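Peer 1: generate a structure from the sequence data that follows.
(chains A and B)
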Amino acid sequence: KAGVTQTPRYLIKTRGQQVTLSCSPISGHRSVSWYQQTPGQGLQFLFEYFSETQRNKGNFPGRFSGRQFSNSRSEMNVSTLELGDSALYLCASSLNADPSGNTIYFGEGSWLTVV
Amino acid sequence: GENVEQHPSTLSVQEGDSAVIKCTYSDSASNYFPWYKQELGKGPQLIIDIRSNVGEKKDQRIAVTLNKTAKHFSLHITETQPEDSAVYFCAASTDKLIFGTGTRLQVFP
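Peer 2: Numbers count the residues shown, from 1 in each chain, chains lettered A, B, ... in the order given. Purely as a prediction, here's the structure:
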């Protein structure tokens, strides 16, 4: 079956703009989480959605937001982009919300460059 | 909150040798410990995981051990091959995954 699909794969934005990234989880998976990956900070948890509700949130400013739709697809939005937002944004999905009971699968990521 | 430390940050081995990567975690409530392999330009791929009621798990050339008392867990790769070259991440979880900082493994032919 198809894996986690993220679009777009690559994008370049200008400081001050906003960006929306999309994630389609594995069919049947209801939990979607987002991570930011940078060389300096590694993989950092942004937020998790389950059944259209934000279940958990990491330590990122309010410029970072997300949502999940009834078909489990998710989007994340970053407003007022800063140079430091340049990163690989990874989406992951699992059947249910509890990581200890569910394998988490990652997509290939969306590479965001802010200039 | 949970913190995961991972060592070493880089590891170079000769093909056929073993490689060991170690992680420690801070939250004693963590109960799930996956390991991911990330190749250049790709997302992390789960290679093995262990849950807190198990001390060791093996899958062919890969094994993971867990010491809950010491809050340590380790990844062991035996008979390394050049295709094992990648960045490896450990993670610990209570209600969300917290990742270690990664280990760049290079296997030289």
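
Peer 1: make sure residue B:83 is indeed in a helix.
Peer 2: Yes. Remark: residue B:83 belongs to a helix, assigned using DSSP: H, G, I helix; E, B strand; the rest coil.

Peer 1: please name the nearest non-neighbouring residue to it.
Peer 2: Leaving aside its sequence neighbours, residue B:83 sits nearest to residue B:107 (C-beta to C-beta, 6 or more residues apart in numbering or on different chains; 7.9 Å). Any C-beta I mention is one placed from the backbone N, CA and C, and that applies to glycine too.

Peer 1: beta partners of the one you found?
Peer 2: residue B:13 (DSSP bridges).

Peer 1: give the contact list for it.
Peer 2: Contacts for residue B:107 (C-beta atoms under 8 Å, 6 or more residues apart in numbering or on different chains) come out as B:12, B:13, B:14, B:15, B:19, B:80, B:81, B:82, B:83, B:84, B:85.

Peer 1: residues of chain A that sit close to chain B?
Peer 2: Counting by C-beta under 8 Å from any C-beta of the partner chain, the residues of chain A lying close to chain B are A:4, A:33, A:35, A:42-45, A:48, A:55-56, A:58, A:90, A:98-101, A:103-109.

Peer 1: could you check which helix or strand contains residue B:89?
Peer 2: strand B:86-93 (DSSP states H and E).

Peer 1: and for the closest residue in space to residue B:71 that isn't next to it in sequence, the neighbour number?
Peer 2: What sits nearest to residue B:71 in space, not counting adjacent residues and going by C-beta to C-beta, 6+ apart, is residue B:25, at 5.2 Å. Residue B:25: 24 surrounding residues under other C-beta atoms under 10 Å in any protein chain shown.

Peer 1: enumerate the residues of chain B near chain A.
Peer 2: So chain B meets chain A at B:31-32, B:34, B:36, B:41-46, B:49, B:51-52, B:89, B:93-102 (C-beta under 8 Å from any C-beta).

Peer 1: ok, the residue nearest to residue B:71 touching residue B:92?
Peer 2: Yes. Using C-beta atoms under 8 Å, residue B:25 makes contact with residue B:92 at a distance of 4.0 Å.

Peer 1: overlap in contacts of the two?
Peer 2: Both residue B:25 and residue B:92 are in contact with B:2, B:4, B:33, B:73, B:98, where contact means C-beta under 8 Å, 6+ apart.

Peer 1: out of the residues of chain A next to chain B, which end up buried?
Peer 2: The neighbour count (16 or more other C-beta atoms under 10 Å in any protein chain shown) marks A:4, A:33, A:35, A:42-45, A:48, A:55-56, A:58, A:90, A:98-99, A:104-109 as buried among these.

Peer 1: work out the gap between the strand or helix carrying residue A:22 and the centre of the chain.
Peer 2: Using DSSP H and E, residue A:22 maps to strand A:19-24. Distance of strand A:19-24 from the chain centroid (C-alpha atoms, centre = their mean, to the nearest Å) equals 7 Å.

Peer 1: quick check: which ranges of chain A have low pLDDT?
Peer 2: Applying pLDDT under 70 to chain A flags residues A:1.

Peer 1: so which residue is dead centre in it?
Peer 2: The residue lying closest to the centre of chain A (C-alpha atoms, centre = their mean) is residue A:34, at 3.0 Å.

Peer 1: much appreciated, bye for now.
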